[in-house]
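> What shape does this take:
(2 chains)
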Amino acid sequence: MQLRLETKQLNYSIDGFDILKGISINVEDKKMVGIIGPNGSGKTTLLKHIYRALPSEYKKVFIDGRDIENYTHKQSARKLTVVRQENSSDFDFTVEKMVLLGRAPYRRSFESYTKEDMQFADDALNAIGMEAYRYRSFNTLSGGEKQRVLIARSLAQQADIFVLDEPTNHLDVHYQWSIMALIRRLNTTVLGVYHNLNLAAQFCDELYVLCSGHVVASGTPKEVLTPKLMAEVFGVEADIMQLKNGRLQLVINEAMTAQ
Amino acid sequence: MIKNRVATPNGYGDIDKSNISSVKKHRYIASFILLPFLYVLSVFLACAFGSSTVPIEKVILVLKQELFGIVSEIITPSDIYIVWNLRFPRALLALAAGGGLAVAGAAMQSVTKNVMADPYVLGISSGALAFVSIGFMIGGVMLNTKWFLPLMAFGGALFALLMVFAVGGFSNTSSPARLVLSGLAVSITLNAVGQYGIYNAKNISSSNAVVSWMMGSLGGSRWADVWIPILSSLLGTAFFLLNARSFDLMTLGDETAISLGVNTRHLKRLAFIVVAMMCGVSVASCGIIGLVGFMVPHIVRFITGTEHRRVFPLSFLVGGIFLVCMDILARIILAPNELPIGILTALCGGPYFVWLLRKNKGRG
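Numbers count the residues shown, from 1 in each chain, chains lettered A, B, ... in the order given. Okay, here's the model as predicted:
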């Protein structure tokens, strides 16, 4: 299997406090890989290193075997796209302009969009079924609609590694599940951070469990999600059931009291 | 891809909004026909009106004579002096300063993701003022060179920006209120420094001129004074225009901008330097003219949307026209005396600021 994304012994600390301690993860081609862990375990910090929002040391993060620091920002944006939760903004774009911004890595900053760009944006809007929203103002959309538009932007970006920074966290269950299904249908390489463990168990081929900046477990959801790990890492007493369709279902019984 | 009408999804039923993009495009094209016309017209008016009125026909004759060498017998030397030596360079300075401040304001609003940002609100102008007044104190013979005060102002503007940065006004997590408060803190401190400098500058002959400069004034501008401001605002606007789409992306937040290929750290650093240059030079030549950079980008975004390849050039035009008109008002309200123009722009901008604060009450 071809390795698309890789971190090697990634360390990070702020003010002498270690956030990440020797994190090594591998994401293979067309695999959906999830990162789970309790609050403050370093999940989002890890992702931010991968999508360059935090300074990375040399020889720590690799895309397609090449050190990320050897890519320009535009080059890495053609390989890797990020779906985040968009905050509300004072500035407004139409849905179409928002999706077209996905073409920015391919154009100089003063260049007009080409016909090809328009076509990619059209296709992306069609793919998520939001062509009718083209001229709507982005800020007037609901949370789930916004998230779908951002996925369309990532599609227009034509990067085949998706990084998900908890994009569905604030959405209702319908959107949580439908957006993840939409992403799985893309059949592409995905690295995501998940808070909802059932969502992670359902959609990921492989999970990494982070705790206090360490990778404490990794493997398929079945290998990783055990009552023991749930107790040790997440501090809950949980039952893990296997459903008829082979998927795992976590039932949290109670939070364990701190010793 | 151009479809003018698209069915709106049920439940939102806002038919007008479905067309918003093409409406804004038409407005944009219309304003690019209308604004250059107003731009030129405002210069003619600025040459005509003032403590004494020069008829528009004579203004045209003077400009024809001076620009194209078409000699006219009707115009008197005093017409030529008033129009060509006083009012025309003054109008050019207003166009340059207004355009530059408006573009700098639009850029700061994008970088800070905050529509309240403005060179004046962020204390950048106060920083320039403080350093210029220090320049008055320590300048000596250097005051005779044209570059000394603009350079001091540039340094002061940059210093103020770095201070707001250090106070945490620009961090990703900081709220609009925090940004405005950081700017206020920096501005109060540096204003005090500026006033101390002016108070101590014994070598300044006419304190009246200095006071009106502090409050913002285009008076006293001659041909020799306009080239640096014109150059600085044209260069600055060109820089921002070349990076227009990156500034679209910056409004979405640093993380999103990075993930779409913008080296935000690099771009912000450059933007700070260019904003400091534009504001510093403007303060050095015409004092603190507040809130132009705050209001104009709002008007422009309302006309044409957020895309900066439209916002920057339109801001440059609208900002220039706005300041020329304000300057005409400043000259005729108390004629033959002049009102400092900064008072007028603050009188327009202040209430708008209040209105915007009330409108955005819901957000931290």
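
> From now on I want contacts and neighbour counts done on CA atoms only, so please keep to that.
Noted.

> Let me see the contact set for the nearest residue to B:S212 once chain neighbours are set aside.
Of all residues not flanking B:S212 in the chain, B:P340 sits nearest, at 5.8 Å (C-alpha to C-alpha, 6 or more residues apart in numbering or on different chains). Contacts for B:P340 (C-alpha atoms under 8 Å, 6 or more residues apart in numbering or on different chains) come out as B:212-213, B:215-217, B:330.

> From B:H298, how far off is B:M116?
10 Å (C-alpha to C-alpha, to the nearest Å).

> What about A:D122, how many residues nearby?
Number of residues near A:D122 (other C-alpha atoms under 10 Å in any protein chain shown) recorded here: 20.

> quick one: secondary structure of it?
helix (DSSP: H, G, I helix; E, B strand; the rest coil).

> now B:L63: how far from B:I80?
9 Å.

> and if you look at A:I63?
In terms of C-alpha to C-alpha, A:I63 sits 68 Å off from B:I80.

> and residue 75, what does it touch?
All of this is about chain A. A:105, B:261.

> The intended chain is chain B.
B:58, B:61-62.

> Which of the residues you listed has the largest number of neighbours?
Most surrounded of those: other C-alpha under 10 Å gives B:V62, at 26 neighbours.

> Tell me, what's the model's pLDDT at the residue nearest to B:S212?
B:P340 carries a pLDDT value of 86.

> got it, and B:H26?
So, for B:H26, pLDDT stands at 81.

> burial of it, as a residue count?
Neighbour tally, B:H26, other C-alpha under 10 Å: 13.

> Then B:V23?
Count around B:V23 with other C-alpha under 10 Å applied: 15.

> Which helix or strand contains it?
Secondary structure from DSSP states H and E places B:V23 in helix B:20-48.

> Quick check: phi and psi at residue 84.
Since no chain was named, I'll use chain A. phi -120, psi 180 (degrees, to the nearest 10).

> show me what contacts it?
A:164-167, B:256.

> what does B:F272 give?
Applying C-alpha under 8 Å, 6+ apart, the residues near B:F272 are B:158, B:161.

> Work out for me the element it sits within.
Going by DSSP H and E, B:F272 is part of helix B:264-286.

> Same question for A:E237.
Counting by DSSP H and E, A:E237 is found in strand A:236-242.

> Buried ones in that strand, by neighbour count?
Buried residues in strand A:236-242, counted by 16 or more other C-alpha atoms under 10 Å in any protein chain shown: A:236-238, A:240.

> Sheet-wise, list the partners of it with their directions.
If you go by DSSP bridges, strand A:236-242 pairs up with strand A:248-255 (antiparallel).

> Tell me the buried residues in the strand it pairs with?
By 16+ other C-alpha under 10 Å, the buried positions in strand A:248-255 come out as A:248-250.

> now, which of the buried residues of strand A:236-242 sits nearest chain B?
Of all the buried residues of strand A:236-242, chain B sits closest to A:V236, with 31.3 Å by C-alpha to the nearest C-alpha.

> can you pull the contacts of the nearest residue to the closest one once chain neighbours are set aside?
Distances taken as C-alpha to C-alpha, 6+ apart put A:A255 closest to A:V236, at 4.3 Å, once the chain neighbours are dropped. Each residue near A:A255 by C-alpha under 8 Å, 6+ apart is listed here: A:235-237.

> is it true that A:D117 touches A:L101?
No: assessed by C-alpha atoms under 8 Å, A:D117 is found out of contact with A:L101, at 9.6 Å.

> Between the two, point out the one with more neighbours.
More crowded of A:D117 and A:L101, by other C-alpha under 10 Å: A:L101, with 25 against 21.

> Where does the closest residue to B:I333 other than its chain neighbours fall, secondary structure wise?
Distances taken as C-alpha to C-alpha, 6+ apart place B:L339 nearest to B:I333, at 7.4 Å, with adjacent residues excluded. In this structure, B:L339 sits in neither a helix nor a strand according to DSSP H and E.

> And B:L339, how far from chain A?
35 Å (C-alpha to the nearest C-alpha, to the nearest Å).

> isn't that residue right up against B:M326?
No: judged on C-alpha under 8 Å, B:L339 makes no contact with B:M326 at a distance of 10.1 Å.

> could you list every residue that touches the closest residue in space to B:L317 that isn't next to it in sequence?
Nearest residue to B:L317, sequence neighbours excluded (C-alpha to C-alpha, 6+ apart): B:G99, at 6.1 Å. Contact analysis of B:G99 by C-alpha under 8 Å, 6+ apart lists B:233, B:315-320.

> With secondary structure, distance to B:T345 and neighbour count as extra columns, can I get those residues in JSON lines?
Formatted as JSON lines, the contacts of B:G99 follow (DSSP: H, G, I helix; E, B strand; the rest coil; distance: C-alpha to C-alpha, whole Å; neighbours: other C-alpha atoms under 10 Å in any protein chain shown):
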{"residue": "B:S233", "secondary structure": "helix", "distance to B:T345": "19", "neighbour count": "29"}
{"residue": "B:S315", "secondary structure": "helix", "distance to B:T345": "16", "neighbour count": "31"}
{"residue": "B:F316", "secondary structure": "helix", "distance to B:T345": "16", "neighbour count": "28"}
{"residue": "B:L317", "secondary structure": "helix", "distance to B:T345": "17", "neighbour count": "25"}
{"residue": "B:V318", "secondary structure": "helix", "distance to B:T345": "14", "neighbour count": "27"}
{"residue": "B:G319", "secondary structure": "helix", "distance to B:T345": "11", "neighbour count": "30"}
{"residue": "B:G320", "secondary structure": "helix", "distance to B:T345": "13", "neighbour count": "29"}
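
> Name the nearest of these relative to A:K48.
B:S315 (34.8 Å; C-alpha to C-alpha).

> Show the contacting residues for the residue of chain A found nearest chain B.
Nearest to chain B in chain A, going by C-alpha to the nearest C-alpha, is A:K74, at a distance of 4.0 Å. If a contact means C-alpha under 8 Å, 6+ apart, then A:K74 has A:105-106, B:260-262 as its contacts.

> Now name the helix or strand holding it.
Going by DSSP H and E, A:K74 is in helix A:73-79.

> same thing with A:S218?
Going by DSSP H and E, A:S218 is in strand A:214-219.

> Direction included, what does that strand pair up with?
Here strand A:214-219 has these sheet partners by DSSP bridges: strand A:206-211 (antiparallel).

> Buried residues of the helix holding B:F272, list them for me.
Across helix B:264-286, burial judged by 16+ other C-alpha under 10 Å covers B:264, B:267-268, B:271-286.

> same deal with stretch A:65-83?
So for stretch A:65-83, counting by 16+ other C-alpha under 10 Å, buried means A:67-69, A:73-74, A:76-83.

> Throw those residues into TSV and include pLDDT, thanks.
Formatted as TSV, the buried residues of stretch A:65-83 follow (pLDDT from 0 to 100):
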residue	pLDDT
A:D67	93
A:I68	92
A:E69	91
A:H73	95
A:K74	95
A:S76	95
A:A77	96
A:R78	96
A:K79	95
A:L80	95
A:T81	96
A:V82	95
A:V83	93
